[in-house]
Structure formats: structure tokens, C-alpha cells
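>>> got a structure for you, letters missing:
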């Protein structure tokens, strides 16, 4: 073999080795670019997930969300796997927060509906009390030794009889009850308070209080 052939063969081998090295470097560069691209996507996903958790917990957006992330210079495969695992945990956390939020909203709705129903019931009762027909009015009140003597000014005599139970109306509320005890020959009507019907236990009857048929 001539020297020329030997030189040509050596040159070809060197070129082949350079080509292989160049190809390997190119592949390594492509892999590194792929890791960098995946890293940026994972980081963006990570920021979005964290922002969603903050929004679910507070009802407000995350102030750092939407910022431009700097492309990482390099990132190992292990770091990429770590980011992926972290994002999966964040997704699970988001699902948990959503369930908590939905449960809290459902409980709040039930409480609101109950409160609204209670208010409506109270309003209906107050309306019934305010429009109830006036049966009688307290004309005189006397008290001695814990015994109350109440004289009534009867407005609806055909409906007020001995034994009738009447509610004491003050404004749109009922502050107690009494029973008609006596109606004398002169038409004077006397009543006794029902102690257990007064809030707080104290008998509170004033001249001018109105008496109506107790509302249901």
C-alpha cells in the first residue's frame, strides 16, 4: 500500500470520527433543547396550578400568575421527573380544594335558605298579628301581692266569653296571653294572665294593650 493510500485512509477515518462526534453533539443538543422546552412547560403548568389553588382558597387570583418565565439553561431528567410529580400533587390538591369549596357553598346555600324561610315565617306571623281583629283592650290593671286584676274593654262581645283565651298584642308582636275569668251582669269583663305565656316569666300588661285571638 502506498503512502498516498495510507494518508487518504487516515483522512477518511478522521472525517468519519468527526462526523460521528458532530452527530452525537447535535443529538445531545436536541435532547437538551427538548429538556429545556419540557422544563419551561412544566414550570408554567406549576405556576398555573399554584395560582388555581390560591384562587380556590381565597377567591382571588394569584398576583404572580401570567408572568413570563425565564427559559432554564439546563435541566436534568431527574429534575423534570420531580417537577412532573410536584404538578401531579398540585392537581390532586386542586381537586381536594374544589370539593371543599363546593361543600362550603352547599352548606352556605342551605343555611341561607333556612334563614330566608325563618324570616319569611316570622314576617307572615307578624302580618297575621297586625291584621288580626281587635277583640278587646286592656282598660285597667291592678296588682296586689302578686295577684293581677285586669279589666277589659270588650269590642267583640259575641266572641269574648268566660274561658276565652286571648293574646296580648303590642305592635306586631305577642307579649303574653290571658283568659277571661268573669263577665258580670253589668257587662264588666275581668281576665287573669297566664304566667307561663310571658317571655322571661315577668307578667307585663299595660293599659291600652290590644287583645286578639291567638294566631296559629
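Here it is on my side, so go on. Predicted model only: the values in this text are computed from it and were never measured.

>>> quick one, what contacts residue 205?
Shown in contact with residue 205 (C-beta atoms under 8 Å, 6 or more residues apart in numbering): 138, 141, 148, 150, 168, 176, 178, 193. All C-beta atoms are positioned from the backbone trio N, CA, C, and that covers glycine.

>>> that one and residue 105, how far apart?
48 Å (C-beta to C-beta, to the nearest Å).

>>> can you list the weak-confidence ranges in this structure?
1-37, 59-75, 116, 119, 216 (pLDDT under 70).

>>> where do the strands sit along it?
136-144, 147-154, 165-170, 173-183, 189-193, 210-212 (DSSP state E).

>>> export the ones you listed to a markdown table and append columns for mean neighbour count and distance to residue 128.
As requested, the strands of the chain are exported to a markdown table (neighbours: other C-beta atoms under 10 Å; distance: least, C-beta to C-beta, whole Å):
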| stretch | mean neighbour count | distance to residue 128 |
| --- | --- | --- |
| strand 136-144 | 14 | 18 |
| strand 147-154 | 16 | 22 |
| strand 165-170 | 20 | 11 |
| strand 173-183 | 17 | 10 |
| strand 189-193 | 19 | 22 |
| strand 210-212 | 22 | 9 |
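
>>> out of those strands, the one nearest residue 89 is which?
strand 173-183 (57.6 Å; C-beta to C-beta).

>>> and the most centrally placed residue in the chain, how far from residue 102?
The centre of the chain sits closest to residue 108, judged by C-alpha atoms, centre = their mean, with a distance of 3.4 Å. Counting by C-beta to C-beta, the gap from residue 108 to residue 102 is 11 Å.

>>> ok, residue 99 - how many residues close by?
Residue 99 has 10 neighbours, counted by other C-beta atoms under 10 Å.

>>> before we move on, back to that, turn the strands of the chain into JSON lines, columns for distance to residue 88.
As requested, the strands of the chain are exported to JSON lines (distance: least, C-beta to C-beta, whole Å):
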{"stretch": "strand 136-144", "distance to residue 88": "76"}
{"stretch": "strand 147-154", "distance to residue 88": "77"}
{"stretch": "strand 165-170", "distance to residue 88": "66"}
{"stretch": "strand 173-183", "distance to residue 88": "60"}
{"stretch": "strand 189-193", "distance to residue 88": "72"}
{"stretch": "strand 210-212", "distance to residue 88": "69"}
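
>>> which one of these lies closest to residue 43?
strand 173-183 (64.7 Å).

>>> give me the angle between the closest one and strand 189-193.
130 degrees (axes from the mean of the first three to the mean of the last three C-alpha atoms, to 10 degrees).

>>> since that was my last question, I'll sign off now.
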